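> 3D model of this:
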Amino acid sequence: SLKKQLAFYEKRLTKVSLEVNVKQTEHHVGGDRQLRRRIELIITGAIVRSNEPFRFQTGFFIGPLAYD
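Next up is the predicted model:
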């Protein structure tokens, strides 16, 4: 679904590759230790105009939702 949206809306990119990872990370809040799940999105491709490599990476935590 995300790859279809990228192809439809982002005409400046070609050879688009999408990687989605779910990782479990440990956070220390005060003296407590919390395990939280993190969704990581990595988009790679090439810019159409110059054929220059392109890479974008972002992520967010789920349960409770928080942006990194």
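> switch to C-alpha atoms for all contacts and neighbour counts from now on
Noted.
> And the residue most central in space within the chain, which helix or strand is it part of?
With distances taken as Cα atoms, centre = their mean, L41 lies nearest the centre of the chain, 1.6 Å away. According to DSSP states H and E, L41 maps onto strand 32-47.
> measure E26 to R55 for me?
Using Cα to Cα, to the nearest Å, one obtains 26 Å as the distance from E26 to R55.
> swap that for K11, sorry
Counting by Cα to Cα, the separation of K11 from R55 is 15 Å.
> For E26 and R55, indicate the residue with more neighbours.
Ranked by neighbour count (other Cα atoms under 10 Å), E26 and R55 place R55 first, with 13 against 10.
> hang on, that one packs against G45?
Yes - counting by Cα atoms under 8 Å, R55 touches G45, with 6.6 Å between them.
> Would you map the strands across this protein?
Ranges of strands in the chain, per DSSP state E, are 13-29, 32-47, 53-62, 66-67.
> Torsion angles phi and psi at the residue sitting furthest away from the middle of the chain?
What lies farthest from the middle of the chain is G31; by Cα atoms, centre = their mean that is 29.7 Å. The phi and psi values for G31, taken as degrees, to the nearest 10, are phi -100, psi 0.
> From K3, how far out is it?
Separation of G31 from K3 (Cα to Cα): 41 Å.
> And S50, how close does it get to K15?
Distance of S50 to K15, computed by Cα to Cα: 13 Å.
> Pick out whichever of these two has more residues nearby.
Remark: of S50 and K15, K15 carries more neighbours, 13 against 8, as counted by other Cα under 10 Å.
> Tell me which residues touch the more buried one, please.
Applying Cα atoms under 8 Å, 6 or more residues apart in numbering to K15 gives the contacts T44, G45, A46.
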